[in-house]
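Colleague: No sequence on hand, only this structure:
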């Protein structure tokens, strides 16, 4: 990694890192919702007819594992706090 | 009775004829006869079926199953969809797309299982059939389309939920745009690139378009004649009553009823008519009276039982004529 890249990362970390993390968090929530609606039948929530939702599968494929883990994760009251 | 001719005169913008009803009443035969008549008037006509059991291949005595559009005579084209094959190809294309997009050696097991189980769902079969229907009508290559519908299952409810689904898809699209905006901002802050967002939006738009088009084909009474086939039998009458209730709940408007497989009543009047035949015709009269009473305003044609199996274009021509412009009044069957 070149010195310029390092400098770029440091500047990024000082300035926009927090902002972009917050934004990505919102995006992750929206993405989760999107996954439930489109491929929700994977977890037993059928909304779109599978004939059509399969068309979207290739695009959401990379998120599936994380999404499933997130959805099926056990939750307790400490989740409310965080 | 006005016949199909009367229907078309009342509504010249009709393009699509759909024959529905339970199995074994002659939907396929009547679809074939309709297409023979329409094509004989010099209009390009496609007759379309999906059911490998009661098939157009049998009626036209030529194997057309899964072969795409086959020309049978001048202006007469037939298409018999192999839905299983279509689903198979569709599913394999999706699997291949994932493997190619992410340069995988093979699909993860759970995804493979998910796709296979989705493909095996009964609704999948109907969706594939209806999708093929939307395909041919959207293409618009023909003047008339005649559909031999498979007996209804869950898939027909797609009409009822088409609005709901289309609203869902709108919501999802909105959601996707939001995600896209957030993603774009975050990515530009971090100078990364977003992937596949446009493709997802395009797919969503496509899905919504297909579902709405399907609903339009079935519900648009200006362009579609939705026909039920009946026979003069107790069971069909009960079945049709139930079907009509279902259509009402789906917002489907019945255009007409064709009464099929009717014994010519004159036969029983002859002195040498066997008691067997007289008995049949007597019973039939009772049921036709019931049909007239219950569904009178819908009856378009009464098609008599032939003295042989209705197969081949030549044999079907008299059926087509009777369907087009009935030679008898309904009273003559009572």
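Modeller: Cool, got the structure. Because the structure is a prediction, the values reported are computed rather than measured. Numbers count the residues shown, from 1 in each chain, chains lettered A, B, ... in the order given.
Colleague: Look up which residues are beta-bridged to the residue lying closest to residue B:149 once chain neighbours are set aside.
Modeller: Closest residue to residue B:149 apart from its sequence neighbours, by Cβ to Cβ, 6 or more residues apart in numbering or on different chains: residue B:20 at 4.6 Å. Yep, even glycine has a C-beta here, placed from its N, CA and C like the rest. Applying DSSP bridges to residue B:20 gives these bridge partners: residue B:228.
Colleague: Residue B:224 is in contact with residue B:20, correct?
Modeller: No. Under the criterion of Cβ atoms under 8 Å, residue B:20 makes no contact with residue B:224, lying 11.5 Å away.
Colleague: Which residue does chain A have closest to chain B?
Modeller: Nearest residue of chain A to chain B (Cβ to the nearest Cβ) works out as residue A:51 at 3.4 Å.
Colleague: Pull the contacting residues for that residue.
Modeller: B:90, B:123, B:124, B:127, B:128, B:131 (Cβ atoms under 8 Å, 6 or more residues apart in numbering or on different chains).
Colleague: pretty sure the third one is in a helix, no?
Modeller: Yes. With DSSP: H, G, I helix; E, B strand; the rest coil as the criterion, residue B:124 is part of a helix.
Colleague: Number of residues surrounding it?
Modeller: Counted with other Cβ atoms under 10 Å in any protein chain shown, the neighbours of residue B:124 add up to 22.
Colleague: distance of it from residue A:43?
Modeller: Going from residue B:124 to residue A:43 by Cβ to Cβ, to the nearest Å gives 19 Å.
Colleague: for the longest helix anywhere in chain B, which positions count as buried?
Modeller: The residue-count maximum for a helix in chain B (DSSP state H) belongs to helix B:158-190. By 16 or more other Cβ atoms under 10 Å in any protein chain shown, the buried positions in helix B:158-190 come out as B:158-159, B:161-162, B:165-166, B:168-169, B:172-173, B:175-176, B:178-180, B:182-183, B:185-187, B:189.
Colleague: repeat for stretch B:250-270
Modeller: So for stretch B:250-270, counting by 16+ other Cβ under 10 Å, buried means B:250, B:252, B:254-263, B:265, B:268.
Colleague: swap in stretch B:267-284?
Modeller: By 16+ other Cβ under 10 Å, the buried positions in stretch B:267-284 come out as B:268, B:280, B:281, B:284.
Colleague: got it, and stretch B:324-334?
Modeller: Those would be B:324, B:326, B:328, B:330, B:333, for stretch B:324-334 by 16+ other Cβ under 10 Å.
Colleague: Helices of chain B, start to end?
Modeller: So, for chain B - with DSSP H - the helices run B:3-10, B:27-40, B:56-59, B:83-101, B:109-120, B:122-139, B:158-190, B:197-219, B:234-250, B:266-269, B:275-295, B:313-324.
Colleague: Quickly, which of those bottoms out on average pLDDT?
Modeller: The stretch with the lowest mean pLDDT among those is helix B:158-190, at a mean of 80.
Colleague: Pull the distance from that helix to the chain's centre.
Modeller: Centroid displacement of helix B:158-190 relative to its chain, using Cα atoms, centre = their mean, to the nearest Å, is 31 Å.
Colleague: so what does it touch, helix or strand wise?
Modeller: With contacts defined as 3 or more Cβ pairs under 8 Å, 6 or more residues apart in numbering or on different chains; DSSP states H and E, the packing partners of helix B:158-190 are helix A:17-39, helix B:122-139, helix B:197-219, helix B:234-250.
Colleague: can you redo the ones you listed as TSV with distance to residue B:80?
Modeller: Output for the helices and strands packed on helix B:158-190, formatted as TSV (distance: least, Cβ to Cβ, whole Å):
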stretch	distance to residue B:80
helix A:17-39	32
helix B:122-139	10
helix B:197-219	19
helix B:234-250	24
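Colleague: List the residues that contact residue A:41.
Modeller: Residue A:41 makes contacts with A:47, A:50, A:53, B:118, as judged by Cβ under 8 Å, 6+ apart.
Colleague: hang on, I meant residue A:38
Modeller: Contacts of residue A:38 (Cβ under 8 Å, 6+ apart): A:47, A:48, A:53, A:56, A:60, B:172.
Colleague: ok, and of the buried residues of stretch B:324-334, which contact chain A?
Modeller: With the criterion set as Cβ under 8 Å from any Cβ of the partner chain, no member of those is near chain A.
Colleague: what's the farthest-apart pair in those?
Modeller: Farthest apart among the buried residues of stretch B:324-334 by Cβ to Cβ are B:324 and B:333. That separation is 17.8 Å.
Colleague: for stretch B:16-34, which positions count as buried?
Modeller: For stretch B:16-34, the buried set under the neighbour-count rule, 16+ other Cβ under 10 Å, comprises B:16-22, B:25-34.
Colleague: can you give me the end-to-end distance of that stretch?
Modeller: 11 Å (Cα to Cα, to the nearest Å).
Colleague: pLDDT wise, what is the most centrally placed residue in chain A at?
Modeller: Centroid-nearest residue in chain A, with Cα atoms, centre = their mean: residue A:28, separated by 3.4 Å. Looking at residue A:28, its pLDDT reads 84.
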